[in-house]
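Student: Sequence and predicted structure are below.
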Amino acid sequence: MSFQQDDFLEKSKKLVQEQQSKEVTHATFIEGFYVYGEKVAVAHLEVESSGNPGFWAIGSGSFLKLYDANTSGSSTAFTNYIGELVQTIPGAVTRERLLPTDGNQYHAFISHSYEDKDAIVRPLANGLKDLGFTIWYDEFTLKVGDSLRRSIDKGLASSRFGIVVLSPAFFAKNWPQYELNGLVAREMEGR
């Protein structure tokens, strides 16, 4: 079963327009859950007025509720609620791995030095993966015989964000510098 992210975002935008008389300028699908088999989702909606942090849309197909991000409710509060529910009813909630909705294959590309792998990078990559994010990380993605340069270029091009683990070892190596240059070039091009 897959969340219909686009439908949820459209319903959320329409609700903001109807209830708040505001135009949504940007909508981001945050997370999806199944609660007793019912799809429940969280989205953040930015609106046109300056200084307004927007709204959180939380709900399912037939029941959708808005919370003012400035005064009440948040995806964090919702996630805490779900966490409490999970503790009291094991198996009631399952998390679905979601791909980025912007056409990218990965949520993030992790650029690092080999020396930082054990202490920082592997725990970070595994933690993000456990949270449902798709991560381009050499241990997850590279296979024997792959062209390193081609794989890195493809990973950079198909990732929404870049995570750079800076350290003295990072700056002493060529490959991490190559990855960092690729991330900076993407940012400068607005991609």
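Tutor: Cool, got the structure. Here the structure is a predicted model, which means the values were calculated and not measured.
Student: Tell me where this structure has strands.
Tutor: Secondary structure of the chain, counting by DSSP state E: strands at 24-35, 38-47, 55-59, 64-68, 93-95, 106-111, 135-136, 159-164.
Student: report the angle between the axes of the first one and strand 38-47?
Tutor: So that's strand 24-35. When axes from the mean of the first three to the mean of the last three C-alpha atoms, to 10 degrees is applied, the directions of strand 24-35 and strand 38-47 differ by 160 degrees.
Student: And for the third one?
Tutor: Going by the same axes, to 10 degrees, strand 55-59 is angled at 170 degrees with respect to strand 38-47.
Student: Strand 55-59 pairs with which strands, and in what direction?
Tutor: Taking DSSP bridges as the criterion, strand 55-59 forms sheet pairs with strand 38-47 (antiparallel), strand 64-68 (antiparallel).
Student: which residues are in contact with the first one?
Tutor: Put plainly, it is strand 38-47. 1, 3, 5, 8-9, 12-13, 16, 20, 22-34, 53-61, 66, 69, 75, 78-79 (C-beta atoms under 8 Å, 6 or more residues apart in numbering). The way it works is simple: take the backbone N, C-alpha and C, and place the C-beta from them, glycine included.
Student: Mind giving me the ChimeraX select for those, buried ones only?
Tutor: Only the buried entries of the contacts of strand 38-47 go into this ChimeraX selection, using 16 or more other C-beta atoms under 10 Å:
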select :3,5,8,9,12,13,16,20,22,24,27,29,30,31,32,33,34,54,55,56,57,58,59,60,66,69,75,78
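Student: what about this structure, any weak spots by pLDDT?
Tutor: The chain contains residues with pLDDT under 70 at 1-3, 35-38, 50, 61-63, 71-103, 144, 146-147, 190-191.
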